[in-house]
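> Structure for the following, please:
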Amino acid sequence: MVKTEIVIDQHYKEYNPVQFGSESCKPGHSFGPGIRTHWLLHYVVYGFGTFVRNGASHPVKPGDIFVIPPYEETYYEADQKNPWRYIWIGFTAQEAVPPPLENPIIHSPQTGTVFEDMLRCGKMENGRSAFLCAKIWELFSILLEEGQPSADYVEKALSYINAEYINDITVEQIAAKLGLNRSYFSGIFKERMGISPQKYLINLRLGRAAELLTVYGESPSTAGLSVGYPDIYHFSKIFKRHFGLSPRNYQLLYSRPKE
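This is a model prediction of the structure:
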């Protein structure tokens, strides 16, 4: 039995749902060879079948997602003895899709609850497209977590520093956030970046402070506070040590003329 839902094309940016449905297939039921103009993901709830993409045949089992990219010829066929039931979601993409979708088959039983939850859209009217859009993002979040190496410690540290430099963060706090001791963290950071995490943090703060002084015309006290130095005297001292000028003199010398 086939059950499809009308999905209004809302032209959402990035990932936009355009098709949704489910089917309990009859033995040997097939589709194709055919070409889609959008991405189409089938999650197999139970049963078996065969999926052919780029001329390669792939056996499909429960917990698998078979991936149909736009403008690629594919063919799929339900097993003769134990045909599959699947749930599908079709979407257009203005952004790159997650790397797992490069594979013809993704074994991801964990995503089954997301696909099953998508079925609730049948009871919706105005919110159906938005609901499915949210579910696509949830699906992608799971696929990105599964089987992918964790972001390395230095990458995580850089993201954290660039987001939190305005606050009174320390190298000890950054290392603790990553679950590392300070010495080990400082070593791997310096090996990658060429400078210590403390020096990177200072350079970032003072670089942003200099920009606030010269480009945006902020006062030294506001600039210092905005980059994690609430004590103006400490800020002035470390700024002069770094640039060779006090914040005020630096501002007078390097400020951009107003147009």
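> Spell out the secondary structure type for S57.
For S57, the assignment made with DSSP: H, G, I helix; E, B strand; the rest coil gives strand.
> which residues touch it?
For S57, the contact set (C-beta atoms under 8 Å, 6 or more residues apart in numbering) comprises T50, F51. Using the backbone N, CA and C atoms, a C-beta is placed for each residue, glycine as well.
> can you give me the helices for the stretch 1-150 of the chain?
112-118, 128-145 (DSSP state H, counting those that start in this stretch).
> Looking at these, which is nearest to T214?
With C-beta to C-beta as the measure, helix 128-145 is the member of the helices of the stretch 1-150 of the chain nearest T214 (40.0 Å).
> How about the closest one, which residues are buried there?
Buried residues in helix 128-145, counted by 16 or more other C-beta atoms under 10 Å: R128, S129, F131, L132, C133, K135, I136, L139, F140, L143.
> The fifth one reaches Y15, doesn't it?
Spelled out, that is C133. Yes - the pair C133 / Y15 is scored as a contact, 6.6 Å apart, by C-beta atoms under 8 Å.
> one step back: closest one of the buried residues of helix 128-145 to E102?
L143 (11.1 Å).
> do you know how far the closest one is from P98?
Relative to P98, L143 is positioned 5 Å away (C-beta to C-beta, to the nearest Å).
> P247 now?
Going from P247 to P98 by C-beta to C-beta gives 45 Å.
> These two: which is more packed in?
Just comparing P247 and P98: by other C-beta atoms under 10 Å the higher neighbour count belongs to P247, 24 against 15.
> circling back: let me have the buried residues of helix 128-145 in JSON lines, adding pLDDT and distance to G28 as columns.
Listed next are the buried residues of helix 128-145 as JSON lines, based on pLDDT from 0 to 100; distance: C-beta to C-beta, whole Å:
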{"residue": "R128", "pLDDT": "86", "distance to G28": "32"}
{"residue": "S129", "pLDDT": "87", "distance to G28": "34"}
{"residue": "F131", "pLDDT": "90", "distance to G28": "34"}
{"residue": "L132", "pLDDT": "91", "distance to G28": "30"}
{"residue": "C133", "pLDDT": "89", "distance to G28": "34"}
{"residue": "K135", "pLDDT": "91", "distance to G28": "30"}
{"residue": "I136", "pLDDT": "92", "distance to G28": "31"}
{"residue": "L139", "pLDDT": "91", "distance to G28": "29"}
{"residue": "F140", "pLDDT": "89", "distance to G28": "32"}
{"residue": "L143", "pLDDT": "87", "distance to G28": "30"}
